[in-house]
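Undergrad: Got a sequence here, can you build the structure:
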Amino acid sequence: MKRHPSDPNDKLLMSRRGMLLSGATLLAGSFAASLCPGISLAAIDAGAQSRFMQLSSLLINHGLNPEVGARIAETASGQYPNFAGMLDAIIAIADKKHAAQVEDFFNDIPEGELRDFAHWVIFAWYSGCSSDKRDAKVFTYEEALTFKTTSDVVTIPSYGISGPNLWTRPNVPLSAPMPRF
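TA: Got it, this is the predicted structure:
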């Protein structure tokens, strides 16, 4: 920045070069932030995150990963303008019914935006992504509940029988010898 010689108030002015460099820096920073999924500029507050996990545990009777829940909640807060209100409304319906599981209160959720949101939350946890479209945001693959329901019998597709991220462990031995033909 430099001082403009004809300015009577002697204020600092930014040169065109400084303006271009500042703009380029801001653009590069925004691009870099979009490449880092762990760093969020629009993260939701801890209270909303806690209520989202409470709602998720009411809708889904599985052990839920809070880190995956944070990613789902952040996307939901951007996708649903009334995110906090919908959380509170569905939790209130469940509390009114003294619900212990989804079947106790789901039919009392009114058709429309609230019911669609509840379906979306269930879909996101089971599929690990925000929709079935090509541009869907992926929250998880390994922790998707679709694979948890059969994990005692079938491994996640594309992984060896030893499981995801277990490349150094030996293969699980077969319980019976292979037949010879």
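
Undergrad: from here on, contacts and neighbour counts on C-alpha atoms
TA: Will do.

Undergrad: can you give me the strands in this structure?
TA: Using DSSP state E, the strands of the chain run over 2-3, 12-13.

Undergrad: dump the residue contacts of the residue lying closest to Tyr126 once chain neighbours are set aside.
TA: Nearest in space to Tyr126, with sequence neighbours left out and distances taken as Cα to Cα, 6 or more residues apart in numbering, is Leu145 at 4.3 Å. Under the criterion of Cα atoms under 8 Å, 6 or more residues apart in numbering, the neighbours of Leu145 are 125-128.

Undergrad: so how far is Ser127 from Leu145?
TA: Computed as Cα to Cα, to the nearest Å, the Leu145 to Ser127 distance reads 7 Å.

Undergrad: now do Gly69
TA: 13 Å.

Undergrad: what's the answer for Ala144, then?
TA: Distance from Ala144 to Ser127, by Cα to Cα: 6 Å.

Undergrad: do the same with Gly63
TA: 15 Å.

Undergrad: who's more crowded, those two?
TA: Between Gly63 and Ser127, counted using other Cα atoms under 10 Å, Ser127 has the larger neighbour count: 19 against 9.
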